[in-house]
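Engineer: fold the following.
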Amino acid sequence: MSDEQRDAILDSVRYLRNVRPIDPDEIQEYVAQRPHPGVVKQTIRESAVELGLRERDDGTFVPASEGPLDATVDQVEAFPERYARVLENLLVGEFGAGWPDGESGEQLRSRIRSIKESYLQGADVAYDRVTALAYGIYHLPDYYAVGQYALEPLLAADRLPTQLRVLDVGAGVGGPGLGIIDLVCEGGGIVDYHAVEPSDAADVLSELLDETGRNAHTTIHRERAEDFDPAGTFDLIIFSNVLDELDSPAAVLRTYADALESDGSILGLSPADKRTATGLRTIERAVEDTYTIYAPTVRLWPGETPAGKCWSFDRKPDLAVPPFQERLEDACDDPDHDDGEFENADVQYAYSILRKDDATAIEYTPDASRVMKMADADGYVTDRVDVVGIKLSPDLRSGPDANPLFLVGDGSEGTDHFAVLTRESTLNRDLVASQYGDLLSFENALALWNDDEGAYNLVVDAETVVDSVPVP
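Structural biologist: As a prediction, this is how the structure comes out:
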């Protein structure tokens, strides 16, 4: 198709976009030599982001909404079948129909073990094609869910636009990116998605992105995060399980500040294990000169920054185990292997949302005349105190007979604080009933030092009142 024909198609689209749905068959009539409607449709698709157009199921195009994204995150129950089918086709293409069995199955299981061990030790993982496929088997489903769940604080405050431009730095095989793309497209939006991934994982990602649908416009850049030069700005920049692998993560985050829209967000994700989750908090503290911490570790007290270890992570309901994980597990004939070793239905993750506009998920300043600051814990230990804090963990109790235990913080704490529920009542049940990231007020909690953990305990008993604090 000539440039003149392309220009004629787009000129007609611009003329009609606010008049009626754009039908490629109709546009064909306005162009010299009448190009095939399929060519017209593809031309419109290629410029849909620029034109702000959403393609409908009937093949016509309409202007996409310009407001905030109207989407909510329900429970993610399973990894979508269409992506599972792509992954299985890649496995069959690489190893044959019996990929879970024999030498190929052993190779994949060995790679999964190696990936998990490397993460625990903080070692780098080299993503050749087999490693990328093994990673996809084990992590695509749970990270797909994480990509959606982690957007809840932004969706709740209408801080994601319907026409979303996304940069996924160190995208790997694309779990969170796929989840985000589906959430936006199913919510009536359009996505201009750019992935930065230099390894062989990009080949797997490319195949998966082909299944994302007509309103996802995707590009892969085969470059390192440190070397990539973004073109333009983005509403959402994702760093998923990559910051801890960088030599200078804080420096890299700062270099991407100019690529972030003034009201955009950076989403940092990491596994929930202690090393990576606490490492994520260390990184976010290092970039407070550039960004505001939007969620979940909001600094409630102006001018304060926490110094505790803050092993903070969220936990969501388990996924259904996908068939490809079941097949790899069932084919393992090693009698010493842990049952379910190659099935990963847990959804646990640490996240950090950073912004440049000073906005936070909790717009609340404590009243110093009414509540104590956690930074002053040395002065109130052994006393009953009133404090406010954000719930920063699921229940961390060590066993079924132990007391419910939750990490809490107000953004000033020099040492971690844990709320320990020793006796539940109607006055304090919000401690258990509240969600990760919720703001809680504690009245008459007993502050004690826990020498074993090197932390402060806020003992919540029958004399303690715990209430969820509504925030704008």
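Engineer: and the helices in the stretch 301-450 of the chain, which stretches?
Structural biologist: 323-330, 377-380, 430-433 (DSSP state H, counting those that start in this stretch).
Engineer: okay if I get these as a markdown table plus distance to residue 104, mean pLDDT and mean neighbour count?
Structural biologist: Where C-beta positions appear, they are placed from N, C-alpha and C, glycine not excepted. Converted to a markdown table, the helices of the stretch 301-450 of the chain look like this (distance: least, CB to CB, whole Å; pLDDT from 0 to 100; neighbours: other CB atoms under 10 Å):
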| stretch | distance to residue 104 | mean pLDDT | mean neighbour count |
| --- | --- | --- | --- |
| helix 323-330 | 10 | 97 | 18 |
| helix 377-380 | 55 | 96 | 15 |
| helix 430-433 | 46 | 98 | 17 |
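Engineer: give me the nearest residue to residue 465, chain neighbours excluded.
Structural biologist: Among residues not flanking residue 465 along the chain, residue 443 sits closest, at 4.1 Å (CB to CB, 6 or more residues apart in numbering).
Engineer: show me what contacts that neighbour?
Structural biologist: For residue 443, the contact set (CB atoms under 8 Å, 6 or more residues apart in numbering) comprises 386, 464-467.
Engineer: those residues in strands, which ones?
Structural biologist: Judged by DSSP state E, the contacts of residue 443 include 386, 465-467 as members of strands.
Engineer: wait, which of these is closest to residue 77?
Structural biologist: The nearest member of the ones in strands among the contacts of residue 443 to residue 77, counting by CB to CB, is residue 466 at 31.0 Å.
Engineer: any chance of CSV for the contacts of residue 443, columns distance to residue 373?
Structural biologist: As requested, these are exported to CSV (distance: CB to CB, whole Å):
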residue, distance to residue 373
386, 11
464, 19
465, 19
466, 18
467, 19
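Engineer: and the helices of the stretch 301-450 of the chain as TSV, adding distance to residue 119?
Structural biologist: Formatted as TSV, the helices of the stretch 301-450 of the chain follow (distance: least, CB to CB, whole Å):
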stretch	distance to residue 119
helix 323-330	18
helix 377-380	33
helix 430-433	31
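Engineer: for residue 314, find the nearest of these.
Structural biologist: Closest approach to residue 314 among the helices of the stretch 301-450 of the chain (CB to CB): helix 430-433, 15.3 Å.
Engineer: what sits up against that closest one?
Structural biologist: Contacts for helix 430-433 (CB under 8 Å, 6+ apart): 391, 395, 404, 406, 419, 421, 424, 440, 460, 466-468.
Engineer: ok, which pair from these is furthest apart?
Structural biologist: 395 and 467 (18.7 Å).
Engineer: the two: which is more packed in?
Structural biologist: More crowded of residue 395 and residue 467, by other CB atoms under 10 Å: residue 467, with 17 against 13.
Engineer: list the residues that contact the residue nearest to that one when sequence neighbours are not counted.
Structural biologist: Counting by CB to CB, 6+ apart, residue 441 is the residue found nearest to residue 467 once chain neighbours are left out, at 5.0 Å. Applying CB under 8 Å, 6+ apart, one finds that residue 441 lies in contact with 371, 386-388, 465-467, 469.
Engineer: same check, this time on residue 140
Structural biologist: 79, 83, 87, 173-175, 178.
Engineer: so the residue nearest to the spatial centre of the chain: helix, strand or coil?
Structural biologist: Centroid-nearest residue in the chain: residue 147, 3.6 Å away (criterion: CA atoms, centre = their mean). Secondary structure state of residue 147, per DSSP: H, G, I helix; E, B strand; the rest coil, is helix.
Engineer: would you check that it makes contact with residue 171?
Structural biologist: No - using CB atoms under 8 Å as the test, residue 147 is too far from residue 171 to be in contact (10.9 Å).
Engineer: quick one: common contacting residues for those two?
Structural biologist: Counting by CB under 8 Å, 6+ apart, the residues touching both residue 147 and residue 171 are 177, 238, 240.
Engineer: hang on, the last one packs against residue 269?
Structural biologist: The one in question is residue 240. Yes - counting by CB under 8 Å, residue 240 touches residue 269, with 4.3 Å between them.
Engineer: which one's more surrounded, these two?
Structural biologist: Ranked by neighbour count (other CB under 10 Å), residue 240 and residue 269 place residue 240 first, with 25 against 22.
Engineer: per-residue pLDDT of that one, please?
Structural biologist: The confidence metric pLDDT takes the value 96 at residue 240.
Engineer: list the contacts of it.
Structural biologist: So residue 240 contacts 143, 146-147, 168, 170-172, 175-177, 267-269 (CB under 8 Å, 6+ apart).
Engineer: picking up where we left off before, secondary structure, neighbour count and distance to residue 52 for the contacts of residue 140 - can I get that in a markdown table?
Structural biologist: A markdown table is the format used below for the contacts of residue 140 (DSSP: H, G, I helix; E, B strand; the rest coil; neighbours: other CB atoms under 10 Å; distance: CB to CB, whole Å):
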| residue | secondary structure | neighbour count | distance to residue 52 |
| --- | --- | --- | --- |
| 79 | coil | 26 | 31 |
| 83 | helix | 24 | 27 |
| 87 | helix | 21 | 33 |
| 173 | coil | 28 | 30 |
| 174 | coil | 32 | 25 |
| 175 | helix | 27 | 28 |
| 178 | helix | 27 | 23 |
